[in-house]
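J.: Got a predicted model here, sequence first, then my questions.
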Amino acid sequence: MKQILFTLALSLMLMASQHTAARAKPAAQKTPQPAPLQCVAFSPYVGQLNPDYGPHPSKDQIGQLLDVLVKKTPFRCIMTYGVLNGLDATFAAAEARGIKVIAILWLDKDTAVNSASISKGIEVARTYPKTIIKLSCGSEVRTRHDHALDGEITRCINAMREAKVTQPVATIDTWWEWCNRATPCQQTPFANAVDWIGINIFPWWENKHADLFPCTPAEKAAGFHLARLEDVRRAYPGKDVIVTEFGWPYAPEGATEINVHTGAKCGVANRKNQALVIHSTLQKLAEKHSSGVVFEAFSENWKPSNEGLFGGSWGICSGAPPYDCLTDLSAHLKSGKRR
């Protein structure tokens, strides 16, 4: 019943945003914005799988995980993280289940691997034009490598143009990188190169690392997401800007981060707060006719080795069978439950 109620609630939010858009009269000089997307980030590296070594997800496992999403969540749009190592099987599986995809072509320091990603990205974009609806040349490349790989991002974007793929092309990074690490927000050199902009916003990590916004509790996270979205939109007028990652960890239960600048503790990890952040942000995005991607579909056990204590606790579904999923994202949730 809770799953049905959540599905209904999310559907009503989407309908409300579409109804509002239908009644509004856009300014004559502006290009009509596309219908908003409500998606979830999807990585099949669950259980003992690790993207850095060992076996990669099989076609069967990818299909099984997508079946869980269809059965246990309302999401029919996913964002994926790579097209190599068998991950390209995701697109056929998604198409068979009526799931739309924002596809990221993973870029890093190995230019040969980047070339393979670009070639495979062009191939799958051409093969699945109705399923893959947007492309991104990399994710958080500047966050990980400063400006050292700007040339690789540009090379990827140019290759998409030369291949004449039909999907709009972007590069995804944090809101801070898309603001060119400045306040007020300023444009980056990619402003005119991309068709759309993807921004990742995580007040949880800001609570640990930032001195500009050092404390945003779960109750204020949705407002923080929308404020940063508006900052970027003001800097890039006319661009389609999407919140490509947002979320909140649910474990270790009751734990918090300590800000490296202030020493203050802010933000509590638990399922109630996870549900609150996701629900309230989706609601605010729908009211603004804006798109968003929840991070993430399935918790990934390998992540704590890279991201610390909270890294493996972001999924709305667990990372092991029977893949219990958060089914009640009500703003008035009393206790986070998984079914």
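T.: Thanks, I have it. Numbers count the residues shown, from 1 in each chain.
J.: low pLDDT regions in the stretch 1-150 of the chain?
T.: Applying pLDDT under 70 to the stretch 1-150 of the chain flags the ranges 1-34.
J.: try it again with 50
T.: Residues of the stretch 1-150 of the chain meeting the criterion pLDDT under 50: 1-30.
J.: Which parts of it are helices?
T.: 2-23, 59-72, 89-96, 111-127, 141-145, 150-163 (DSSP state H, counting those that start in this stretch).
J.: Same list, those helices, but as JSON lines with distance to Pro217 please.
T.: To be clear about C-beta, it is placed using only N, CA and C from the backbone, and glycine gets the same treatment. Formatted as JSON lines, the helices of the stretch 1-150 of the chain follow (distance: least, CB to CB, whole Å):
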{"stretch": "helix 2-23", "distance to Pro217": "23"}
{"stretch": "helix 59-72", "distance to Pro217": "28"}
{"stretch": "helix 89-96", "distance to Pro217": "35"}
{"stretch": "helix 111-127", "distance to Pro217": "38"}
{"stretch": "helix 141-145", "distance to Pro217": "24"}
{"stretch": "helix 150-163", "distance to Pro217": "34"}
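J.: Lys303: which of those helices is closest?
T.: helix 141-145 (14.7 Å; CB to CB).
J.: starting at the chain centroid, how far to that closest one?
T.: Going by CA atoms, centre = their mean, to the nearest Å, the spacing between the C-alpha centre of helix 141-145 and its chain's C-alpha centre is 16 Å.
J.: just stretch 125-139 next, same as before
T.: For stretch 125-139, the distance to the chain centre is 15 Å (CA atoms, centre = their mean).
J.: switch to numbering from 178
T.: Got it, the first residue is 178 from now on, which makes the last one we talked about stretch 302-316.
J.: Quick one: end-to-end length of it, please.
T.: 17 Å (CA to CA, to the nearest Å).
J.: remind me which residues of the stretch 378-516 of the chain are low pLDDT?
T.: The stretch 378-516 of the chain contains residues with pLDDT under 50 at 507-514, 516.
J.: Relative to Ser220, how far out is Gln238?
T.: 12 Å (CB to CB, to the nearest Å).
J.: next one: Gly496
T.: Counting by CB to CB, the gap from Gly496 to Ser220 is 10 Å.
J.: For those two, list the residues in contact with both.
T.: 475, 477 (CB atoms under 8 Å, 6 or more residues apart in numbering).
J.: picking up where we left off before, would you point to the one among the helices of the stretch 178-327 of the chain that's packed deepest?
T.: Greatest average neighbour count among the helices of the stretch 178-327 of the chain goes to helix 266-273 (a mean of 20), per mean count of other CB atoms under 10 Å.
J.: who touches the residue most central in space within the chain in this structure?
T.: Nearest to the centroid of the C-alpha atoms of the chain, with distances taken as CA atoms, centre = their mean, sits Glu422, at 3.0 Å. When the contact criterion is CB under 8 Å, 6+ apart, the partners of Glu422 are 218, 256, 349, 377-379, 470, 472-473.
J.: so which strand or helix has it?
T.: strand 417-423 (DSSP states H and E).
J.: Equivalent analysis for Tyr500, please.
T.: Going by DSSP H and E, Tyr500 is not part of any helix or strand.
J.: Contact partners for it?
T.: So Tyr500 contacts 223, 242, 245, 249, 475, 494 (CB under 8 Å, 6+ apart).
J.: State the distance from Glu434 to Thr393.
T.: Distance, Glu434 to Thr393, by CB to CB: 11 Å.
J.: next one: Ala387
T.: 9 Å.
J.: out of those two, which sits in the busier spot?
T.: Taking other CB atoms under 10 Å, Ala387 and Thr393 do not tie; Thr393 has more neighbours (21 against 18).
J.: Let me know whether that one touches Asn384 as I believe.
T.: Yes - in this structure, Thr393 is within contact of Asn384 by CB atoms under 8 Å, at 6.2 Å.
J.: what do those two both touch?
T.: Both Thr393 and Asn384 are contacted by 443-444, under the criterion CB under 8 Å, 6+ apart.
J.: coming back round to it: taking the contacts of Tyr500 together, which two end up most distant?
T.: Val223 and Lys249 (14.3 Å).
J.: Walking through the stretch 328-477 of the chain, point out its strands one by one.
T.: 346-351, 373-377, 417-423, 434-435, 442-443, 469-471 (DSSP state E, counting those that start in this stretch).
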